[in-house]
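Novice: All I have is the shape, not the residue letters:
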């Protein structure tokens, strides 16, 4: 079996060397192993598939999308108040729940 370096792998797939090293360190490239400080990658290794982004939409993002869809011109006093309350809610959730993030 032939092996290539991280830089050769990165050049082959048009990604950065840092990304290639991260793939190796996270076990996303099958057959890659560390020799000293150097990652050795099988020549026939393929590019790992990226996981799909979360389909969860944050409440603030949904409000902004709704406003854009309704073609609102600026914020009214009530929507501004709602945005403030929503922002406080999101900050509270981010402090108490680590799964919510930006």
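Specialist: Nice, thanks for sending it over. Given the structure is predicted, the values throughout are model-derived calculations rather than measurements. Residues are numbered from 1 along each chain as shown.
Novice: What separation do you get for residue 60 and residue 71?
Specialist: 19 Å (C-beta to C-beta, to the nearest Å). (Each C-beta comes from the backbone N, C-alpha and C, glycine too.)
Novice: Compare the two (neighbour count), which wins?
Specialist: Ranked by neighbour count (other C-beta atoms under 10 Å), residue 60 and residue 71 place residue 60 first, with 14 against 6.
Novice: show me the residues around residue 59 that make contact.
Specialist: By C-beta atoms under 8 Å, 6 or more residues apart in numbering, the contact set of residue 59 is 86, 89-90.
Novice: same for the longest strand along the chain, what does it pack against?
Specialist: Secondary structure assigned by DSSP state E gives strand 38-42 as the longest strand of the chain. For strand 38-42, the elements it packs on are strand 3-4, helix 6-13, helix 17-25, strand 33-35, judged by 3 or more C-beta pairs under 8 Å, 6 or more residues apart in numbering; DSSP states H and E.
Novice: which helices and strands does whichever helix in the chain runs longest pack with?
Specialist: When the chain is parsed with DSSP state H, its longest helix is helix 77-96. Helix 77-96 sits against helix 59-69, with contacts defined as 3+ C-beta pairs under 8 Å, 6+ apart.
Novice: so where's this protein shaky on pLDDT?
Specialist: 52-55, 57, 72-81, 97-102 (pLDDT under 70).
Novice: For stretch 14-29, buried residues please.
Specialist: By neighbour count on 16 or more other C-beta atoms under 10 Å, the buried set for stretch 14-29 is 20-21, 23-24, 29.
Novice: Pull up the distance across it, start to finish.
Specialist: Distance between the two ends of stretch 14-29: 15 Å, counting by C-alpha to C-alpha, to the nearest Å.
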